[in-house]
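Chemist: Whatever this is, show me its structure:
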Amino acid sequence: MNNGATHPNITLEPDGSAVRFTRPLSLSASQDLRGYLVSHAGRGLLFLITFLSVVAVLLIFAFVVVEAAPFFFGGSFAEAFARVRQFLASNNWYPQREHDPQFGALAIIVGSLYVTACSLALAVPVGVLAAVFLSDIAPFGARQVCKPVIEILAAIPSVAYGVFAVMVVAPWMQRRFGFDTGANALNASLILAVMALPTIISVAEDALSAIGRKTREASYALGATRAETIIKVVIPTAHSGIIAAVILGMMRAIGETMVVWMASGNAARIPSPWWDLSQSIRTMTATIAGELGEVPKGTDHYHVLFAIGVLLLVFTFTLNLCSEYFMAKVKKQAQGG
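Modeler: The predicted model follows:
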């Protein structure tokens with residue numbers, strides 16, 4: 001045996017003439033029982049942590065649903081149906097009116113989807129192109145530096161983005177484009193696009209890198225150029241991961257609160273014409289954040305805000321299921337299945 005060799009369970013005598021084992025070849029009954037208990041205690045602790053996390057999420061979901069239930073199911077069936085119909089089909093949001101309050105949340109729902117779609121229209125092309133650059137064009141050293149820097153953007157607090165949108169972007173838009181107000185859909189969309197970029201770039205780059213060299217080299221062997229390989233082979237092969245990246249970026253945008261509260265203008269109306277991004281809008285998250293703290297508990301206004309929360313949970317839960325489906329396809333593809 002080489003005198004320089006070491007092993008955690010084996011030691012050599014000073015003269016190197018003998019070998020001494022530091023652990024017994026067989027365990028006693030007490031040692032075996034101790035190892036069994038420690039192993040199962042660790043598993044039990046991990047299971048308990050996971051179980052508590054799942055229970056916490058379910059309790060939050062149940063709390064939101066219970067608080068929203070009086071709005072959906074209060075009164076007779078005809079009254080509940082009329083209330084839900086007004087909630088989903090009317091633009092009249094006047095929940096604090098003393099006589100004949102209106103709970104039409106259509107403009108708020110459309111506002112959330114509108115600003116999310118606009119932010120994705122800005123973020124998806126930039127994010128996918130950046131992911132392609134990092135995976136197939138940038139040198140390895142540059143990739144190791146750029147990707148962590150991009151991911152740091154996700155750690156910036158959303159209120160910091162909101163302050164930047166209000167103090168810098170809004171006045172610039174008013175001076176540069178002559179908008180009546182800088183707090184509009186374009187402002188919120190720009191900031192949400194920046195906030196969604198780290199998620200889109202990171203997940204899309206992982207999907208592109210998971211393809212491996214063999215697919216790329218096979219394309220090169222058939223005479224394809226690098227551009228043809230990227231456009232016709234790499235991106236189509238990684239389409240599931242790219243779609244998952246877009247969905248996760250959409251979840252980041254639709255669930256954001258502070259930025260849209262500070263930068264969107266909070267006007268409960270559907271943009272008309274639809275392509276005019278200079279108009280102010282209101283989103284579901286901003287409505288909940290702006291009004292819940294001042295609403296008396298137990299009122300219709302209080303319950304309708306939780307109804308908006310339920311609708312938002314449905315959106316995010318659906319998007320999460322879609323992202324999990326496409327991420328599972330990416331993992332299966334990476335494993336050669």
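
Chemist: From start to finish, how long is stretch 70-86 in a straight line?
Modeler: From its first residue to its last, stretch 70-86 covers 15 Å (Cα to Cα, to the nearest Å).

Chemist: As a check, name the ranges of all strands in the chain.
Modeler: Taking DSSP state E as the criterion, the chain contains strands spanning 10-12, 19-21, 93-94, 102-103.

Chemist: Who are the contact partners of Leu122?
Modeler: Contacts for Leu122 (Cβ atoms under 8 Å, 6 or more residues apart in numbering) come out as 189-190, 193. For the C-beta atoms, the positions are set from N, CA and C on the backbone; glycine is no exception.

Chemist: Do you know the pLDDT at Asn91?
Modeler: On pLDDT, Asn91 comes in at 88.

Chemist: so who does Val259 touch?
Modeler: Counted by Cβ under 8 Å, 6+ apart, Val259 has contacts 158, 161-162, 165, 188, 191-192, 195.

Chemist: Could you list the low-pLDDT ranges of the protein?
Modeler: 1-27, 333-337 (pLDDT under 70).

Chemist: ok, and the most crowded of the contacts of Leu122?
Modeler: Ser189 (27 neighbours; other Cβ atoms under 10 Å).

Chemist: Check the spacing between Ala207 and Thr199 real quick.
Modeler: 12 Å (Cβ to Cβ, to the nearest Å).

Chemist: what do these two both touch?
Modeler: With Cβ under 8 Å, 6+ apart, Ala207 and Thr199 have common neighbours Ala245.

Chemist: Looking at the two, which is more packed in?
Modeler: Neighbour totals were compared for Ala207 and Thr199, and Ala207 leads with 28 against 24 (other Cβ under 10 Å).

Chemist: quick one: that one and Val246 touch, right?
Modeler: No: at 11.0 Å, Ala207 and Val246 do not qualify as touching, with contact defined as Cβ atoms under 8 Å.

Chemist: just to revisit the earlier point, tell me the one of the contacts of Leu122 nearest Gly127?
Modeler: The nearest member of the contacts of Leu122 to Gly127, counting by Cβ to Cβ, is Ala193 at 8.8 Å.

Chemist: List the contacts of the closest one.
Modeler: Applying Cβ under 8 Å, 6+ apart, the residues near Ala193 are 119-120, 122-123, 126, 253.

Chemist: Could you give me the PyMOL syntax to select whichever of the residues you listed are buried?
Modeler: Of the contacts of Ala193, the buried ones go into a single PyMOL selection, burial set by 16 or more other Cβ atoms under 10 Å:
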select buried, resi 119+120+122+123+253
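
Chemist: ok, how many other residues are close to the residue nearest to Lys147 when sequence neighbours are not counted?
Modeler: Of all residues beyond its chain neighbours, the one nearest Lys147 is Leu134 (6.0 Å), with distances taken as Cβ to Cβ, 6 or more residues apart in numbering. Leu134 has 21 neighbours, counted by other Cβ under 10 Å.

Chemist: Could you check how far Leu134 is from Lys297?
Modeler: In terms of Cβ to Cβ, Leu134 sits 49 Å off from Lys297.

Chemist: which helix is the longest one in this structure?
Modeler: helix 29-73 (DSSP state H).

Chemist: what packs against that one?
Modeler: helix 77-89, helix 300-334 (3 or more Cβ pairs under 8 Å, 6 or more residues apart in numbering; DSSP states H and E).

Chemist: most tightly surrounded among the ones you listed?
Modeler: helix 300-334 (a mean of 17; mean count of other Cβ atoms under 10 Å).

Chemist: And the protein, split by domain according to the record?
Modeler: 37-94, 106-334 (automatic domain parsing).

Chemist: of all these, which gets the most neighbours per residue?
Modeler: domain 106-334 comes out most buried of the domains of the chain by mean count of other Cβ under 10 Å, with a mean of 18.

Chemist: quick one, phi/psi of Pro211?
Modeler: No Pro there; residue 211 is Ile. Here is the backbone geometry of Ile211 (degrees, to the nearest 10): phi -70, psi -40.

Chemist: Next one: it relative to Arg252, how far apart?
Modeler: 25 Å.

Chemist: Leaving aside the residues adjacent along the chain, what's closest to the residue sitting nearest the centre point of the chain?
Modeler: Nearest to the mean C-alpha position of the chain, by Cα atoms, centre = their mean, lies Arg252 at 3.9 Å. Leaving aside its chain neighbours, Arg252 sits nearest to Ala196 (4.8 Å; criterion: Cβ to Cβ, 6+ apart).

Chemist: Could you pull up the contacting residues of that neighbour?
Modeler: 119-120, 123, 127, 249-250, 252-253.

Chemist: Tell me the one of the residues you listed nearest Ala267?
Modeler: The shortest approach to Ala267 among the contacts of Ala196 belongs to Ser119, at 18.0 Å (Cβ to Cβ).
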